[in-house]
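**Q** Sequence below, structure please.
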Amino acid sequence: ARIAAPKWYSHHDLYEGSGLDLFVPTYQGLQPQQLAVQQRLFVFWRSTKWRPSESNELGTSWIEILAYFQLCGGSLEVGAPDVTARRLSFKMQLRQFVQESRRLLLEIATADAHDLIKASRVKGQRLLPYGVQQHVACIEGVLCMPSDMAKLMHDMLCCIQGMGKSRHLLKRSKLRMGKPIPWTRLLKRSAVCELAEAHDQRLRDRIEYRGQSLASRTT
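**A** Numbering: from 1, shown residues only. Next comes the predicted model:
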């Protein structure tokens, strides 16, 4: 079946949410590649804003969080890309993002943060407006973002089930994730935001605090 794409991405603005209360990770026992990924994820999660979901409300899908991570300049690739290597599928990248995020957040999230990032118990088709006719894994928290980012998020989600070059006409079906991430072509290196700068600054400062919530510090 074919459906018209929604006119906009339904979202909550930044002022409606608050940051996650996180400790600074120790990064012990990690290989260099995994260390780089964990550092990027820490900067990303530390920069996000959330609000609790209402009763019987789906939170945010991991697909949306991955899209926002990449929209903010995040990447799971370390080092120069190998143009001869086969690109990871959408499914594999999503799985890696979820696993690495959970591994990080299990260590650094406070009790209040865990309430937002735990799996949602509400069943539903969160991405049905974008043609994804199935349940997708969600967390309890509702991601908040500025309107300009929400417009780009809308375009990225339309790529998932977009038909041809048109992002205004979507295919309504179960999600197929064997190919590379569909919104990659929309992301330009010039759009990589302040995430990399924030990450580099934190590395230069060599933050090594442990056991103290960042919410209680001035950064």
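**Q** mind listing the helices in this protein by residue range?
**A** For the chain, the helices defined by DSSP state H occupy 32-47, 62-71, 90-108, 111-117, 147-158, 195-205.
**Q** tell me the most buried of these?
**A** Most buried of these by mean neighbour count (mean count of other Cβ atoms under 10 Å) is helix 62-71; its value is a mean of 22. From N, CA and C alone the C-beta is placed, and that goes for glycine too.
**Q** State the mean pLDDT of it.
**A** For helix 62-71, the mean pLDDT works out to 96.
**Q** need the contact list for the residue nearest to Asn56 when sequence neighbours are not counted.
**A** Nearest residue to Asn56, sequence neighbours excluded (Cβ to Cβ, 6 or more residues apart in numbering): Val122, at 5.9 Å. Contact partners of Val122, counting by Cβ atoms under 8 Å, 6 or more residues apart in numbering, are Ser53, Asn56, Glu57, Leu58, Gly59, Cys138.
**Q** Roughly how far does Val122 sit from Gln70?
**A** As judged by Cβ to Cβ, to the nearest Å, Val122 and Gln70 stand 25 Å apart.
**Q** Now Met149: closest residue in space that isn't a chain neighbour?
**A** According to Cβ to Cβ, 6+ apart, the nearest residue to Met149 is Leu71 (6.3 Å).
**Q** whoops, Gly131 was the one
**A** Per Cβ to Cβ, 6+ apart, closest to Gly131 is Gln161, 3.2 Å.
**Q** Count residues in the vicinity of the one you found, would you?
**A** Look at Gln161: counted by other Cβ atoms under 10 Å, it has 24 neighbours.
**Q** quick one, what contacts it?
**A** Gln161 neighbours (Cβ under 8 Å, 6+ apart): Tyr130, Gly131, Val132, Leu170, Lys171, Arg172, Ser173, Leu175.
**Q** Quickly note the distance from it to Lys123.
**A** Counting by Cβ to Cβ - Gln161 and Lys123 are separated by 21 Å.
**Q** and if you look at Ile117?
**A** Taking Cβ to Cβ, one finds Ile117 at 18 Å from Lys123.
**Q** follow-up on the earlier one: so which of the helices of the chain gets nearest Leu14?
**A** helix 147-158 (9.1 Å; Cβ to Cβ).
**Q** Hmm, Ala150 and the residue nearest to Met149 touching each other?
**A** No - between Leu71 and Ala150 there is no contact under Cβ atoms under 8 Å: 9.9 Å.
**Q** who touches both of these two?
**A** Counting by Cβ under 8 Å, 6+ apart, nothing touches both Leu71 and Ala150.
**Q** Can you tell me, leaving aside adjacent residues, what's nearest to the residue nearest to the spatial centre of the chain?
**A** Nearest to the mean C-alpha position of the chain, counting by Cα atoms, centre = their mean, stands Ile65 at 2.4 Å. Sequence neighbours aside, Leu143 is the residue nearest to Ile65 in space, at 6.7 Å (criterion: Cβ to Cβ, 6+ apart).
**Q** Flag the shaky bits of this protein, pLDDT-wise.
**A** 79-86, 165-167, 188-219 (pLDDT under 70).
**Q** Hmm, Leu14 is touching Thr48, no?
**A** No - using Cβ under 8 Å, Leu14 makes no contact with Thr48, being 9.7 Å away.
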